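**Student:** predicted coordinates and the sequence they were generated for:
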Amino acid sequence: MYAESVFRLRFFIFVCMNTDISFFIGGIILAFVLINLLLYFYHRHRRVIFFKYIHDRDYTLVENIETNIESYSKMSSKLTYFKAKVVFLDDEIFIIHFNGPILQLSSSPEIFPSVFPRFITSRKEIHNDILKITGDTAIGNFKISLNFKNKNIDLHSVI
């Protein structure tokens with residue numbers, strides 16, 4: 001037992017005193033932080049371009065919506081949960097995640113700038129202030145649930 005604790009102490013001292021390993025670990029942490037900062041500013045710039053494009057149109061913006069996205073393809077399935085802003089514009093629905101791309105949910109052919117993934121909707125239904133949307137993507141199917149509970153919005157008027 002004593003030999004094991006002495007070994008752990010010597011290993012800890014070796015790792016802390018070895019500057020090559022410290023620089024390596026510090027470099028990995030710095031690279032991770034810089035990549036996240038670059039992604040944040042990139043998506044923020046894309047959101048600015050998007051809102052400049054729709055600024056003169058009549059749209060409804062709802063913030064802090066609980067979003068549940070399920071996507072299914074032949075190879076895999078994925079479940080994503082996050083809070084996002086939702087924009088209703090004519091027959092279009094846009095989901096704007098804090099640090100992610102703008103998702104377009106529509107069945108119209110109009111293409112918006114700075115919107116990368118486009119989902120073609122096949123069905124929209126409202127149940128207990130939860131908007132459920134199903135449809136297709138280029139690689140499979142999706143189901144999206146948007147929870148509008150405790151929000152002052154009439155879903156029937158914007159859909």
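**Tutor:** Cool, the structure landed.
**Student:** pull the helix or strand where S122 lies out as CSV, backbone CA atoms only.
**Tutor:** Taking DSSP states H and E as the definition, S122 sits inside strand 115-127. Only the C-alpha atoms of strand 115-127 are listed here, as CSV (Å, rounded to 0.1, in the frame of the first residue of the first chain):
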residue,chain,number,x,y,z
VAL,A,115,-29.1,28.5,-43.9
PHE,A,116,-27.3,25.2,-44.3
PRO,A,117,-29.5,22.2,-43.5
ARG,A,118,-32.9,22.3,-45.2
PHE,A,119,-35.6,19.8,-44.1
ILE,A,120,-38.6,19.2,-46.2
THR,A,121,-41.7,18.9,-44.0
SER,A,122,-44.5,16.5,-44.7
ARG,A,123,-46.7,16.9,-41.6
LYS,A,124,-47.2,19.5,-38.9
GLU,A,125,-49.5,19.0,-35.9
ILE,A,126,-50.1,20.9,-32.7
HIS,A,127,-50.9,19.0,-29.5
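**Student:** helices or strands next to the strand of greatest length in the chain in the packing?
**Tutor:** Scanning the chain for the strand with the most residues, using DSSP state E, yields strand 59-73. Counting contacts by 3 or more C-beta pairs under 8 Å, 6 or more residues apart in numbering; DSSP states H and E, strand 59-73 packs against strand 77-89, strand 140-147. All C-beta spots, glycine's among them, are computed from the backbone N, C-alpha and C.
**Student:** could you break the chain into its assigned domains?
**Tutor:** 2-49, 58-158 (automatic domain parsing).
**Student:** how far off strand 115-127 does the longest strand of the chain point, in degrees?
**Tutor:** In terms of direction (axes from the mean of the first three to the mean of the last three C-alpha atoms, to 10 degrees), strand 59-73 departs from strand 115-127 by 100 degrees.
**Student:** partner strands of strand 59-73 and their direction?
**Tutor:** strand 77-89 (antiparallel), strand 140-147 (antiparallel) (DSSP bridges).
**Student:** next helix or strand past the one helix or strand in the chain whose mean pLDDT sits lowest?
**Tutor:** Ranked by mean pLDDT, DSSP states H and E, the weakest helix or strand in the chain is helix 2-17, scoring a mean of 63. Once the chain leaves helix 2-17, the next helix or strand it forms, by DSSP H and E, is helix 19-54.
**Student:** and that following helix, what does it pack onto?
**Tutor:** Packed next to helix 19-54, using 3+ C-beta pairs under 8 Å, 6+ apart, are strand 92-97, strand 102-106.
**Student:** nothing else from me, thank you.
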